[in-house]
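Sequence first, then the predicted structure:
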Amino acid sequence: MSDLLEAPAAPPDRVRPTRSWGAALGLLPFVGYLLVFLGGPLYFVISGALSDPDGRPTLANLVASVSAPQYRAAFLSSVLLSAVTAVIGAVFGAFLAQAVLTARPDSPLRRIVSTASGVLAYFGGVPLAFAFIAALGQTGLATVFLRSVGVDLYASGFRIDSLTGLGLTYVYFQVPLMVILITPALEGLLPQWREAAENLGASAWSYWRHVALPVLAPALGGATLVLFGNAFAAYATALALTSGSIPLLPTAIASALSGNVLADQQNVGLALGFDMVVVIAVVMVGYLVLQRRAARWSAR
């Protein structure tokens, strides 16, 4: 009798459309944000790169962006700087993350490194440039201290506004970003894998070489690509530290758009921006592919 008095449940087909519409409405602000702040600028860059100042279609801007010596030098410098700092940041960040994970989950060291990485990974721009000038400039604290103990950095050719000094500055935020990116993958290494390898007589090096590193390879590659894209698109730090004296793609775009070097080069600047978009798109596609491969192990 009680079963007969219970109200019948609503059919699933009547509930699902309401939920799907609710989810779609919840996405509207995000879609609008993307269209205004990503789609609009992207359309402006692409249309400007493929047209002349009078609005006529042309490929001359794209050709100039890859053939002009000054723009080619800026592109190569950006690629070199991004690749070197990405590899250095990936190596040191992976070692730091693994060293921190060996501590207890509730240890102060683990909490401090995790919090500091979250802050320092996004510490850039003018404040970071000022910090390095104050530390490693010609009259910086570290420079004066090293000179007092017999090590003169500037006498040996070092300059904070050189490509080496800029790379050192980039590594400052690349290492903590790598810690954030690789920590979940390191936490995904099951202790049973190491125990099984040790029971079979494998050394620590054999375990890392034949078990851990093959599992971590997609995650390491994807994180390194993110570091490359992070350095490739950095602008404020390089401009504040070097005042545009080093040819880099972001500063070349700013100079072309503002007409500081050559007049009527705004469309070439947009073509350089299109080149950067293509590079970042390739990086993101590679990252997504590697993340999909890494997710196979995390799902097991």
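Received the coordinates, thanks. Predicted, not measured: the structure shown is a model, and the values here were computed from it.

separation between residue 32 and residue 221?
34 Å (C-beta to C-beta, to the nearest Å). All C-beta atoms are positioned from the backbone trio N, CA, C, and that covers glycine.

Please say which of these two ends up with more neighbours.
residue 221 (18 against 11; other C-beta atoms under 10 Å).

And that one, its phi and psi?
Dihedral pair for residue 221: phi -60, psi -40, per degrees, to the nearest 10.

Correct me if wrong: it contacts residue 288.
No. Judged on C-beta atoms under 8 Å, residue 221 makes no contact with residue 288 at a distance of 11.8 Å.

for the record, mean pLDDT for the helix or strand containing residue 117?
Per DSSP states H and E: residue 117 is located in helix 108-120. Averaging pLDDT along helix 108-120 yields 89.

What residues sit buried inside that helix?
Within helix 108-120, the residues that qualify as buried are 110, 113, 117, 120, counting by 16 or more other C-beta atoms under 10 Å.

quick check, nearest of these to residue 56?
residue 120 (47.8 Å; C-beta to C-beta).

Excluding chain neighbours, give the residue nearest to that closest one in space.
The spatial neighbour of residue 120 that comes closest, neighbours along the chain excluded (C-beta to C-beta, 6 or more residues apart in numbering), is residue 176 at 4.2 Å.

Which residues does the helix holding residue 117 contact?
For helix 108-120, the surrounding residues in contact (C-beta atoms under 8 Å, 6 or more residues apart in numbering) are 96, 100-101, 103-104, 172-173, 176-177, 179-180, 183.

Which neighbouring elements make contact with the helix or strand just after that helix?
Using DSSP H and E, the helix or strand that follows helix 108-120 in sequence is helix 126-136. When contacts are defined as 3 or more C-beta pairs under 8 Å, 6 or more residues apart in numbering; DSSP states H and E, helix 126-136 sits against helix 141-148, helix 163-187, helix 236-242.

With mean pLDDT and distance to residue 79 as new columns, can these be given to me in TSV?
Below are the helices and strands packed on helix 126-136 laid out as TSV (pLDDT from 0 to 100; distance: least, C-beta to C-beta, whole Å):
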stretch	mean pLDDT	distance to residue 79
helix 141-148	93	29
helix 163-187	94	12
helix 236-242	90	14
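
Those helices: which one's closest to residue 268?
Here helix 236-242 is closest among those (C-beta to C-beta), at 19.0 Å.

Alpha carbons only: can I get stretch 47-65 in PDB?
Output of stretch 47-65 as PDB, limited to C-alpha atoms (Å, rounded to 0.1, in the frame of the first residue of the first chain):
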ATOM      1  CA  SER A  47      42.900  40.500 -40.300                       C
ATOM      2  CA  GLY A  48      45.600  43.200 -39.800                       C
ATOM      3  CA  ALA A  49      48.400  40.700 -40.600                       C
ATOM      4  CA  LEU A  50      46.700  39.700 -43.900                       C
ATOM      5  CA  SER A  51      46.000  43.300 -45.100                       C
ATOM      6  CA  ASP A  52      47.900  46.400 -46.000                       C
ATOM      7  CA  PRO A  53      47.200  49.800 -44.300                       C
ATOM      8  CA  ASP A  54      44.500  50.500 -46.900                       C
ATOM      9  CA  GLY A  55      42.700  47.200 -46.000                       C
ATOM     10  CA  ARG A  56      43.600  45.300 -49.200                       C
ATOM     11  CA  PRO A  57      44.500  41.600 -48.700                       C
ATOM     12  CA  THR A  58      48.200  40.900 -48.900                       C
ATOM     13  CA  LEU A  59      50.800  38.400 -47.600                       C
ATOM     14  CA  ALA A  60      53.600  41.000 -47.600                       C
ATOM     15  CA  ASN A  61      53.400  41.500 -43.900                       C
ATOM     16  CA  LEU A  62      53.800  37.800 -43.100                       C
ATOM     17  CA  VAL A  63      56.700  37.600 -45.500                       C
ATOM     18  CA  ALA A  64      58.400  40.700 -43.900                       C
ATOM     19  CA  SER A  65      57.900  39.200 -40.400                       C
END
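
Much appreciated, bye for now.
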